[in-house]
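Student: show me how the following folds:
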Amino acid sequence: RIELEYLDPAGSLGRGVLPTGVAQERLSLASGGHTTVSIVDVAIPTVFVLAADIGGDVTASAAALDADARLQRLLEEIRCTAAVKLGLCSTLEDAHERQRAMPKIAMVGPPAAYEAGDGRRIEANGIDLLARAISMERTHRTYPGSVSMATAVAMQVPGTVVFEAAQSGHDGDRQTGEPGPVRIGHPAGV
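Tutor: Have a look, this model is predicted:
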């Protein structure tokens, strides 16, 4: 076991937990569409989007998500659009070519049963939220620690898409927004 302590991880960009000032916003995409996201900056700026809003299956394996070229292009467009909005770069092309590692992007959804990468069945009542993180256009095979921190905080902030996804899966044993451990269902388990 390796213990890590992050001292004051909120606002790595110097603009607080919600660097755009809102818990949820609608992004206009260059491809002509729109999507609702939450941008949360804890440990690393992370863009959260509801899988259902973009036609993603948050119960799918990492390999299956990587094979979905349409979904991966859309996630990268959303990520690049957020990078420009955050002022990390000036164009979508610059974000795609030079700002590949930040912000991170994650698809989220309410708890649901799924099969982990090792074949174990993960039951919905064992998780608070389903999430799949994308890093440099590949689905993370587990879930990054920095993105886990952003996810845990986003689940506590009313109005974020993470809060709403977890709330929609609430089964009475935990209220979203209450402090405590957050159980994230990811490709390798919980």
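Student: settle this for me: Ser135 is touching Met102, isn't it.
Tutor: No: taking contact to mean CB atoms under 8 Å, the distance of 9.8 Å between Ser135 and Met102 leaves them out of contact. Every C-beta, even on glycine, is put in place using the N, C-alpha and C of the backbone.
Student: the closest residue to Pro144 other than its chain neighbours pairs with what?
Tutor: If the residues on either side of it in the chain are set aside, Pro144 comes closest to Ala133, at 5.6 Å by CB to CB, 6 or more residues apart in numbering. With beta bridges defined as DSSP bridges, Ala133 has these partners: Ala106.
Student: pull the contacting residues for Ala133.
Tutor: With contact taken as CB atoms under 8 Å, 6 or more residues apart in numbering, Ala133 is in contact with Lys104, Ile105, Ala106, Thr139, His140, Tyr143, Pro144, Val147, His186.
Student: over to His96?
Tutor: By CB under 8 Å, 6+ apart, the residues touching His96 are Glu76, Cys80.
Student: give me the phi and psi for it.
Tutor: With angles defined as degrees, to the nearest 10, His96 sits at phi -70, psi -40.
Student: tell me the pLDDT of it.
Tutor: As predicted, His96 sits at a pLDDT of 96.
Student: ok, the one 5 residues further on next?
Tutor: The predicted structure scores Ala101 at 91 on the pLDDT scale.
Student: what's the nearest residue to it if we skip its chain neighbours?
Tutor: Nearest in space to Ala101, with sequence neighbours left out and distances taken as CB to CB, 6+ apart, is Met136 at 6.3 Å.
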